[in-house]
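Engineer: structure here, sequence nowhere to be found:
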């Protein structure tokens, strides 16, 4: 703090926000914040994270808002510091098959949470309320393979199947494994490439990464970590009891359902019991996860010590009610047609998972005098011609704002420089989030989705969106699910 004070006018945006009376209040881990902008949440969290590090779990009411918040945060922080924990919100997604990309990314994020101390996790409501395996079980099912160590290949195969991997003849995507003689190929989502493990008898002789499409070696390694390939994991005890629980529940429906519907339900349970006996489980089993497990877990258990922020509390409560009602209606339809047992749950109730009063919540409106207001506003202008851009800039200069033009490409910077030079307006080229000296406009190369004005701190960021009417491409999480490229002809091989 002393160093920040000594720098005076040379403060950058986040150092200035750290001196703001509002930002440090996040450290209390509770309270209701009034923030009427996506950038506001991101700025508050990013400022605190830059100063104190720590870990945060941010929950939004839907996937769109989670992706938007993720995009804002990665524009302020290193991308590696922010993780999106996504889940489809379509109740009937299992009829189409859930996104493999999202499923793979959730596995990657769960592992990162368990490994790292300082990280920001963003979850949409559906992913926050999803049933998950116990954190300790996920850790137990994560294992290392090392050169020189001995493994029973047949036992290793059983372990991979139990962990959700699909056994194929030749792997062509993530979450698969293949065994050919003494060679084991595995593609775990924490690795950028699949690994090929060669055995001599029961000892690992070599481990190397290889290119999925070309099947050529990339590099050797001494060890590799293999994550579970599913977030539907059962302990051995739970797995041994699944048949008994399923048939006990089925028996209760005899005499309640019509004979034909009951027989259809019996066939459904027979198929399900066979899946469990073979340990080959897919997303269709998920709706039974809460029913078949004794203790229930969610992302909140993985992030138990994190600062939790429920973004737009009213929106979360409304979305929670809709998700629960829609899923109940869907499951009841399945029950009536003999395709599922009754009293199943797809989502846990957010009200059972988190105490709104003992965590941070946000809204766009003031609810009580104790609410903490962070005065940030969107830029309400958009230029359609050059003079419009000048007028927007002058509107903030006239109000004594420090104005930063955060533009997303060099062509925009060149155009703005020519415009300001023609008007004899002084400007200063900045690095990243540095602020300009008094009386000057700052220009910096930044990929911000939209501009914002901090009214109390008198700082305005104008972006390519406002000055050039250009929609900035938002950041997306890295895809951890990889597939081999399908070649149209042999000529495409290098």
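Structural biologist: Received it, and whenever you're ready, just let me know what you need. Computed from a prediction, not measured in an experiment: that's the story for all the values here.
Engineer: which residues in the stretch 1-150 of the chain form strands?
Structural biologist: 31-34, 56-60, 82-85, 120-124, 143-146 (DSSP state E, counting those that start in this stretch).
Engineer: export those to a markdown table and tack on mean neighbour count and mean pLDDT?
Structural biologist: The C-beta positions use only the backbone N, C-alpha and C, and glycine is treated the same way. Output for those, formatted as a markdown table (neighbours: other Cβ atoms under 10 Å; pLDDT from 0 to 100):
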| stretch | mean neighbour count | mean pLDDT |
| --- | --- | --- |
| strand 31-34 | 18 | 95 |
| strand 56-60 | 27 | 98 |
| strand 82-85 | 26 | 97 |
| strand 120-124 | 27 | 98 |
| strand 143-146 | 14 | 96 |
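Engineer: who wins for proximity to residue 322 among these?
Structural biologist: strand 120-124 (13.0 Å; Cβ to Cβ).
Engineer: strand 56-60 and the closest one, what's the angle between them?
Structural biologist: 20 degrees (axes from the mean of the first three to the mean of the last three Cα atoms, to 10 degrees).
Engineer: what helices or strands is strand 120-124 leaning on?
Structural biologist: strand 56-60, helix 63-76, strand 82-85 (3 or more Cβ pairs under 8 Å, 6 or more residues apart in numbering; DSSP states H and E).
Engineer: for residue 346, give its distance to residue 323.
Structural biologist: 8 Å (Cβ to Cβ, to the nearest Å).
Engineer: intersection of neighbour lists for the two?
Structural biologist: By Cβ atoms under 8 Å, 6 or more residues apart in numbering, residue 346 and residue 323 have these common neighbours: residue 91.
Engineer: now the strands for the stretch 151-300 of the chain?
Structural biologist: Using DSSP E, counting those that start in this stretch, strands in the stretch 151-300 of the chain cover 166-167, 176-180, 183-186, 195-200, 203-210, 217-221, 223-226.
Engineer: what residue ranges in this structure score low on pLDDT?
Structural biologist: 1-9, 92-98, 472, 474-477, 485-494 (pLDDT under 70).
Engineer: residues contacting the most centrally placed residue in it?
Structural biologist: By Cα atoms, centre = their mean, the mean C-alpha position of the chain lies nearest to residue 84, the distance being 1.4 Å. Counting by Cβ under 8 Å, 6+ apart, residue 84 makes contact with 66-67, 70, 105, 109, 121-123, 477.
Engineer: and the closest residue in space to residue 439 that isn't next to it in sequence, what does it touch?
Structural biologist: Closest residue to residue 439 apart from its sequence neighbours, by Cβ to Cβ, 6 or more residues apart in numbering: residue 426 at 6.8 Å. Shown in contact with residue 426 (Cβ under 8 Å, 6+ apart): 420, 439-441.
Engineer: looking at those, state which has the most neighbours.
Structural biologist: In terms of neighbour count, residue 441 stands highest of the contacts of residue 426 at 20 neighbours, by other Cβ atoms under 10 Å.
Engineer: and of the strands of the stretch 151-300 of the chain, who's closest to residue 362?
Structural biologist: Nearest to residue 362, of all these, is strand 223-226, at 36.6 Å by Cβ to Cβ.
Engineer: may I see the buried residues of that closest one?
Structural biologist: For strand 223-226, burial by neighbour count (16 or more other Cβ atoms under 10 Å) applies to 224, 226.
Engineer: A strand includes residue 304, no?
Structural biologist: No - per DSSP: H, G, I helix; E, B strand; the rest coil, residue 304 lies outside any strand segment and is coil.
Engineer: what's the neighbour count on the closest residue to residue 238 other than its chain neighbours?
Structural biologist: Of all residues not flanking residue 238 in the chain, residue 293 sits nearest, at 5.7 Å (Cβ to Cβ, 6+ apart). Taking other Cβ under 10 Å as the criterion, the count of residues near residue 293 is 22.
Engineer: distance to residue 370 added to the helices and strands packed on strand 120-124, as CSV?
Structural biologist: Below are the helices and strands packed on strand 120-124 laid out as CSV (distance: least, Cβ to Cβ, whole Å):
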stretch, distance to residue 370
strand 56-60, 22
helix 63-76, 25
strand 82-85, 30
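Engineer: to residue 246, which of the ones you listed lies closest?
Structural biologist: Among the helices and strands packed on strand 120-124, strand 82-85 sits nearest to residue 246 (Cβ to Cβ), with 29.7 Å.
Engineer: quick revisit: so which of the helices and strands packed on strand 120-124 gets nearest residue 17?
Structural biologist: Nearest of the helices and strands packed on strand 120-124 (Cβ to Cβ): helix 63-76, 10.4 Å.
Engineer: got the angle between the closest one and strand 56-60?
Structural biologist: 140 degrees.
Engineer: quick one: contacts of helix 63-76?
Structural biologist: With Cβ under 8 Å, 6+ apart, helix 63-76 has contacts from 14, 38-39, 41-43, 45-46, 58, 60, 82, 84, 86-89, 120, 122-124, 126-127, 311-312, 315, 433, 446-449, 474-477.
Engineer: how far does that helix sit from its chain's centre?
Structural biologist: 10 Å (Cα atoms, centre = their mean, to the nearest Å).
Engineer: that one: which residues count as buried?
Structural biologist: 63, 65-76.
Engineer: turn these into TSV, including distance to residue 280.
Structural biologist: What follows is the buried residues of helix 63-76, written out as TSV (distance: Cβ to Cβ, whole Å):
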residue	distance to residue 280
63	29
65	36
66	31
67	32
68	37
69	37
70	33
71	37
72	41
73	38
74	37
75	42
76	44
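Engineer: out of those residues, who's nearest residue 50?
Structural biologist: For the buried residues of helix 63-76, the nearest to residue 50 is residue 76 (8.4 Å; Cβ to Cβ).
Engineer: now the residue nearest to residue 238, what are its backbone angles?
Structural biologist: Main-chain torsions, residue 293, degrees, to the nearest 10: phi -110, psi 140.
Engineer: tell me who's in contact with it.
Structural biologist: By Cβ under 8 Å, 6+ apart, the contact list for residue 293 reads 131, 234, 238.
Engineer: could you rerun that using 10 Å?
Structural biologist: 131-134, 137, 232-235, 238, 241-242, 245 (Cβ atoms under 10 Å, 6 or more residues apart in numbering).
Engineer: out of those residues, which sit inside helices?
Structural biologist: 137, 238, 241-242, 245 (DSSP state H).
Engineer: coming back round to it: closest one to residue 393 among the helices and strands packed on strand 120-124?
Structural biologist: Comparing the helices and strands packed on strand 120-124 by Cβ to Cβ, helix 63-76 comes nearest, at 21.1 Å.
Engineer: sorry, back to before: distance to residue 34 for the contacts of residue 84 - can I get that in CSV?
Structural biologist: Below are the contacts of residue 84 laid out as CSV (distance: Cβ to Cβ, whole Å):
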residue, distance to residue 34
66, 21
67, 23
70, 22
105, 32
109, 29
121, 23
122, 20
123, 22
477, 29
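Engineer: show me which of those residues is closest to residue 189.
Structural biologist: Of the contacts of residue 84, the one sitting nearest to residue 189 (Cβ to Cβ) turns out to be residue 105, at 7.6 Å.
Engineer: number of residues surrounding that closest one?
Structural biologist: When neighbours are counted by other Cβ under 10 Å, residue 105 registers 23.
Engineer: go on, residue 247?
Structural biologist: Using other Cβ under 10 Å, residue 247 has 13 other residues around it.
Engineer: now do it against residue 31, distance only.
Structural biologist: Per Cβ to Cβ, residue 247 is found 50 Å from residue 31.
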